[in-house]
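Colleague: this one's sequence-less:
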């Protein structure tokens with residue numbers, strides 16, 4: 001399932017928060033909460049949106065630390 005993680009850290013572009021779009025094996029947000037509460041770190045397949053094609057492309061696995069996550073929601077493509 002695809003999730004949007006809002007991190008409590010600045011982005012590389014200087015924004016005050018950093019957002020990560022990532023795919024995880026959790027089948028619901030409730031299942032993801034269970035993973036986050038039991039892990040010091042967890043792995044997502046991070047994806048970026050291609051502005052020209054509007055497609056999402058994997059940029060590889062990324063390890064996230066739940067202590068730096070401020071908010072998570074299911075990613076809904078708009």
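Modeller: Nice, I can see it. What you are looking at is a predicted structure, and each value in this text was computed from that prediction instead of being measured.
Colleague: For residue 34, the count of nearby residues, please.
Modeller: Look at residue 34: counted by other C-beta atoms under 10 Å, it has 11 neighbours. The C-beta positions use only the backbone N, C-alpha and C, and glycine is treated the same way.
Colleague: Could you do residue 5 as well?
Modeller: 24.
Colleague: Model confidence for it, exactly?
Modeller: What the model reports for residue 5 is a pLDDT of 97.
Colleague: any idea how far residue 23 is from the residue nearest to residue 39 when sequence neighbours are not counted?
Modeller: Once flanking residues are discounted, residue 39 sits nearest to residue 66: 6.5 Å by C-beta to C-beta, 6 or more residues apart in numbering. Residue 66 sits at a distance of 17 Å from residue 23 (criterion: C-beta to C-beta, to the nearest Å).
Colleague: picking up where we left off before, what are the phi and psi angles of the residue nearest to residue 39?
Modeller: With angles defined as degrees, to the nearest 10, residue 66 sits at phi -60, psi -20.
Colleague: Residues in a beta bridge with residue 7, which ones?
Modeller: Per DSSP bridges, the residues bridged to residue 7 are residue 18, residue 69.
Colleague: give me every residue that touches it.
Modeller: Residue 7 makes contact with 17, 18, 19, 20, 64, 68, 69, 70, according to C-beta atoms under 8 Å, 6 or more residues apart in numbering.
Colleague: which pair in those residues spans the largest distance?
Modeller: 17 and 64 (13.9 Å; C-beta to C-beta).
Colleague: Between those two, point out the one with more neighbours.
Modeller: residue 64 (20 against 12).
Colleague: So the more buried one is in contact with residue 45, correct?
Modeller: No. Using C-beta atoms under 8 Å, residue 64 is not in contact with residue 45, being 11.5 Å away.
Colleague: Ramachandran angles for the residue located most distally from the centre of the chain?
Modeller: Relative to the centre of the chain, and counting by C-alpha atoms, centre = their mean, the farthest-placed residue is residue 52 at 21.7 Å. Main-chain dihedrals, residue 52, degrees, to the nearest 10: phi -80, psi -40.
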